[in-house]
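A.B. asks: below are the sequence and a predicted model for it; my questions follow.
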Amino acid sequence: MKHINWYGGLLLLVLFAITGQYLRGVTIPADQNEDLFRMMLRANHIYILFVGLVNILVSRSPFNRLIFQNLTQSFFLMSGVFVVFAFILETDGDIEHRMFSFLTGISALIGIIWFIIDVWAPKFQNKY
């Protein structure tokens, strides 16, 4: 699964560059608030960079237990899928209905928690 995270992260970094070029030429619909629309697109653009980098980092990180490795990598892969959907679908200017952005953040947070548990669990286990 490490290879999937590696290539998924690289794909997201390429997608980050492509979405950056898209943001240069995007025209804002007349019925949208310009500042809110741009903020939502830029936020999703930065989320793509974040998730891509985290997927690359987790693909090269050592793990103590296979179950934590699989959970961590799975949640980061899910966040990669969610962030792509967020960039494509969440451009309506409705900041309260950003479900895919929310799922991106939650899945990345859960992945980070599993990674921290894997790193710190052996340190506490040897003391007791």
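C.D. replies: All right, it came through fine.
A.B. asks: where are the low-confidence patches of this protein?
C.D. replies: Counting by pLDDT under 70, the chain shows low-confidence ranges at 27-34, 93-95, 126-128.
A.B. asks: if you set the cut-off to 80 instead, what comes out?
C.D. replies: Residue ranges of the chain with pLDDT under 80: 1-2, 26-38, 91-97, 121-128.
A.B. asks: most centrally placed residue in it?
C.D. replies: Ranked by distance to the mean C-alpha position of the chain (Cα atoms, centre = their mean), the top residue is residue 51 at 3.0 Å.
A.B. asks: report the contact partners of that one.
C.D. replies: By Cβ atoms under 8 Å, 6 or more residues apart in numbering, the residues touching residue 51 are 9, 12, 76, 79-80, 83, 104, 108. Placement of C-beta: from N, CA and C, glycine included.
A.B. asks: run the chain-centre distance for stretch 79-93.
C.D. replies: Relative to the chain's own centre, stretch 79-93 is displaced by 10 Å; criterion: Cα atoms, centre = their mean, to the nearest Å.
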